[in-house]
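need coordinates for the following:
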Amino acid sequence: MLVSAGCSHPGHTVAQAGAPATGVTEPSPPGGEKLVVTLQTGLEGKVASVNGRYVVLNFPVGSLPALEQKLYVYHLGLKTAELRVSGPQLDDTIVADVISGQVSMGDRVSAK
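Sure thing, here's the model as predicted:
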């Protein structure tokens, strides 16, 4: 015989067998849609200026790409160009060559 003991105050929930108890109740998204969370741990910056086949990139302090590293440009979530870091570097900015595609000021730059 199973005996169940627990609190009976309002708002208390009991975890089902086999489910990990997290202590956090997450609201479900509207319309019953599944919520997907993606953590990004890679290098990410943005295009500060465009000068023909060269671009100046801005990155958070302490996370500049290496020379000759290949980067990808995203405009409105779509990959639009490929870059190769050429330098020089000054503070949190670095210059890259446009290998292919179109680049606009403000585009997102990522190593992935």
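
for this protein, which segments count as strands?
Taking DSSP state E as the criterion, the chain contains strands spanning 44-51, 54-58, 70-75, 78-90, 93-101, 108-110.

quick one: residue 51 and residue 96, what's the gap?
11 Å (C-beta to C-beta, to the nearest Å). C-beta coordinates here come from the backbone N, C-alpha and C atoms, glycine included.

which of these two has more residues huddled nearby?
residue 96 (27 against 9; other C-beta atoms under 10 Å).

the more buried one against residue 84, yeah?
Yes - using C-beta atoms under 8 Å, residue 96 makes contact with residue 84 at a distance of 6.2 Å.

any shared contact partners between the two?
Common contact partners of residue 96 and residue 84 (C-beta atoms under 8 Å, 6 or more residues apart in numbering): residue 71.

pLDDT weak spots in this structure?
1-32, 35-41 (pLDDT under 70).

who's in contact with the residue nearest to residue 47 when sequence neighbours are not counted?
Distances taken as C-beta to C-beta, 6 or more residues apart in numbering put residue 107 closest to residue 47, at 4.5 Å, once the chain neighbours are dropped. Listed by C-beta under 8 Å, 6+ apart, the contact set of residue 107 reads 46, 47, 73, 74, 75, 80, 81.

which single one of those residues is nearest to residue 60?
residue 46 (10.0 Å; C-beta to C-beta).

count the residues that sit near the closest one.
So residue 46, with other C-beta under 10 Å, has 15 neighbours.

from residue 56, how far out is it?
In terms of C-beta to C-beta, residue 46 sits 10 Å off from residue 56.

then residue 75?
For residue 75, the distance to residue 56 - C-beta to C-beta - is 17 Å.

now swap in residue 64 and tell me
12 Å.

what residues do those two have in common as contacts?
residue 94.

what about these two, which has more around it?
Between residue 64 and residue 56, residue 64 has the larger neighbour count (other C-beta under 10 Å), namely 20 against 15.
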